[in-house]
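> Got a predicted structure plus its sequence, pasted below:
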Amino acid sequence: MLRASVVAVALAAGVSTAFAAGRLSTMKRDVFACVSWAGWHDYTLASLTPRGAKANRDCPIRIPKGAKVEVVEDSDESGAATVKYRGKTWIIDTGYVR
C-alpha cells in the first residue's frame, strides 16, 4: 500500500510539472541570461548597487525584447525563471517573461 501511494504522488508531481513546462513566452524587455541560479542571484544583487551589474561568465548573453523563449520553470518564490533560448537553458528574472 505504501508503494502505491509513493508512486501515485510521484506521478501526480510529474503531471503537474508537465503542464507548466513548455509554455512559450515572449520577453518583455532585454534581459541578461545566467547559466545558474547562483550566477543569477549574484547578478541581481550587483544590479542593485550604484555601479550596476555587468555581463560576466555567469551571465554571458542578453536575450532581446520580443524573443520567443520556452518557460521550463517559473518560480514566484525566488523570482527566477528557467527558460530555453536557442537550445540552451538559462535563468532570468520572472518579471521579464510575459
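In hand now; what should we look at? Numbering: from 1, shown residues only.
> And the strands in this structure?
Under the criterion DSSP state E, strands of the chain are mapped to 23-26, 31-33, 61-63, 68-74, 80-85, 88-93.
> Can you name the residues that contact residue 98?
25-28 (C-beta atoms under 8 Å, 6 or more residues apart in numbering). C-beta coordinates here come from the backbone N, C-alpha and C atoms, glycine included.
> Could you dump those into TSV and include pLDDT and distance to residue 87?
Below are the contacts of residue 98 laid out as TSV (pLDDT from 0 to 100; distance: C-beta to C-beta, whole Å):
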residue	pLDDT	distance to residue 87
25	92	16
26	93	18
27	94	16
28	93	22
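> Emit the PyMOL select command for whichever of the residues you listed are buried.
To isolate the buried members of these in PyMOL, using 16 or more other C-beta atoms under 10 Å:
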select buried, resi 25+27
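> With distance to residue 50 as added columns, please give the contacts of residue 98 in TSV.
Output for these, formatted as TSV (distance: C-beta to C-beta, whole Å):
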residue	distance to residue 50
25	32
26	31
27	26
28	25
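> If anything else comes up later, I'll come back, but that's it for now.
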